[in-house]
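> 3D model of this:
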Amino acid sequence: MIEARGLTKRYGDKAAVSDLTFTVRPGTVTGFLGPNGSGKSTTMRMILGLDAPTRGDIRVGGRSYAAHPAPLYEVGALLEARSVHPGRSALGHLLALAHTHGIPRSRVNTVVDMVGLGKVAGKRVKGFSLGMGQRLGIAAALLADPATILLDEPVNGLDPEGVLWVRNLLKSLAAEGRTVFVSSHLMSEMALTAEHLIIIGRGRMLADTTVDAFIRDAGLGTIKVVSPEAAQLRELLLRVPGVEAVISPPGTLRVSGTDLEHIGRTASAHRIPLFELTPHSVSLEEAFMELTRDSIDYQATVGSSAVAQQVAQQGARA
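Residues are numbered from 1 along each chain as shown. Below you'll find the predicted structure:
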């Protein structure tokens, strides 16, 4: 379990993280989301004791990371896959880590095979692709069979097979009762992998909830209703505060602010036939973008078509 209480980190006048309080519980995959510059990396570094908080407290397994006598057995982490000596082989790197904690070579061999690096374990890391480096980083995180797994962008550089492998791996680790905390920019992958979300923006907590509840409460979903008496049904639905209903095209309603049951019961009570009643839920990405709209530091203001036109004009002048 990871527990943060009032976690704050300041660099001079700038607050990278402000008063974060959250708990990452075992048995579930928790996604850690936020725009660039939101404080995710700083938070993860504080969990691992790489940065000291200005104020507040963070514990893993009931104590600070530095207080664990054998931290690799408690926390396995991947923050930067490329932070490996390029002259070492994958096997040599893992053996060196294992030696610090008395981990047997048999376990090193096990994680090498687990991440699919068996055929290249003897090769120098400097020749590894980005995806191979990610696999090595995950192997290092799993080396001591820790109770807590903390991964930053674990699918970065992986092919579709590798992405699926990581997804299944994280779910299986959580199913074993481990604490799994994953940062990612891939909303579609988080929607398939995570059950719980912690979302921050500009260092502050924006949401701490389940994936399903976050999408449901985003308030962006609509329900498509097709009826020959759409106009009458619209008037009935609008009697309830908070409900919005738009006719588009004729005979079709786009309804928000209520649920399928209410629409169906209203139609039935007034003998209004329904030809279609279809919910349209927003994606995790849509809900995330809506929540973090005011927390994005860098926003493009030129459309892609305009950019392409500018590039073409510059090429013509050249």
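> got the domain ranges for the chain?
Domain assignment for the chain by automatic domain parsing gives 2-216, 222-280.
> what's the span of the last one, first residue to last?
Spelled out, that is domain 222-280. 5 Å (Cα to Cα, to the nearest Å).
> how about stretch 77-87?
Length of stretch 77-87, first residue to last, Cα to Cα: 22 Å.
> mean confidence score for it?
Mean per-residue pLDDT for stretch 77-87: 86.
> same question, stretch 262-280
For stretch 262-280, mean pLDDT is 94.
> what's the first-to-last distance across it?
Terminal-residue distance, stretch 262-280 (Cα to Cα): 16 Å.
> cool, stretch 187-199 as well?
End-to-end distance of stretch 187-199 (Cα to Cα): 12 Å.
> any low-confidence regions in the protein?
Along the chain, the parts satisfying pLDDT under 70 run over 219-220, 297-318.
> quick one: the helices in it, in order.
Under the criterion DSSP state H, the chain contains helices at 40-47, 71-74, 90-101, 105-114, 130-142, 160-175, 187-193, 211-217, 230-237, 260-269, 284-291, 304-317.
> mind putting those helices in TSV, mean neighbour count and distance to residue 64 included?
Backbone N, C-alpha and C define where each C-beta goes, glycine included. Below are those laid out as TSV (neighbours: other Cβ atoms under 10 Å; distance: least, Cβ to Cβ, whole Å):
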stretch	mean neighbour count	distance to residue 64
helix 40-47	22	9
helix 71-74	20	10
helix 90-101	17	18
helix 105-114	16	26
helix 130-142	22	19
helix 160-175	17	23
helix 187-193	18	28
helix 211-217	16	29
helix 230-237	17	54
helix 260-269	14	48
helix 284-291	18	31
helix 304-317	9	46
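> and these as TSV, adding distance to residue 5?
Putting the helices of the chain into TSV (distance: least, Cβ to Cβ, whole Å) gives the following:
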stretch	distance to residue 5
helix 40-47	12
helix 71-74	19
helix 90-101	28
helix 105-114	33
helix 130-142	25
helix 160-175	23
helix 187-193	25
helix 211-217	23
helix 230-237	45
helix 260-269	40
helix 284-291	23
helix 304-317	43
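> so which of those gets nearest residue 277?
Closest approach to residue 277 among the helices of the chain (Cβ to Cβ): helix 260-269, 6.0 Å.
> contacts made by the closest one with the rest, please.
Here helix 260-269 makes contact (Cβ atoms under 8 Å, 6 or more residues apart in numbering) with 223, 225, 227, 233, 236-237, 240, 255, 272-274, 277, 279.
> go with 6 Å
By Cβ atoms under 6 Å, 6 or more residues apart in numbering, the residues outside helix 260-269 that reach it are 233, 236, 274, 277.
> so the third one sits against residue 227, correct?
Yes - applying Cβ atoms under 6 Å, one finds residue 274 in contact with residue 227, separated by 5.3 Å.
> which one's more surrounded, those two?
residue 227 (20 against 16; other Cβ atoms under 10 Å).
> and that one, how far from residue 155?
Separation of residue 227 from residue 155 (Cβ to Cβ, to the nearest Å) stands at 44 Å.
> how about residue 81?
Counting by Cβ to Cβ, the gap from residue 81 to residue 155 is 11 Å.
> how about residue 213?
Remark: distance between residue 213 and residue 155 (Cβ to Cβ) = 24 Å.
> equivalent analysis for residue 237, please.
Residue 237 is 42 Å from residue 155, by Cβ to Cβ.
> which residues touch residue 236?
With Cβ under 6 Å, 6+ apart, residue 236 has these contacts: residue 266.
> to clarify, my last question referred to residue 61.
residue 74 are the contacts of residue 61 under Cβ under 6 Å, 6+ apart.
> for the one 10 residues further on, same thing?
Residue 71 makes contact with residue 65 under the criterion Cβ under 6 Å, 6+ apart.
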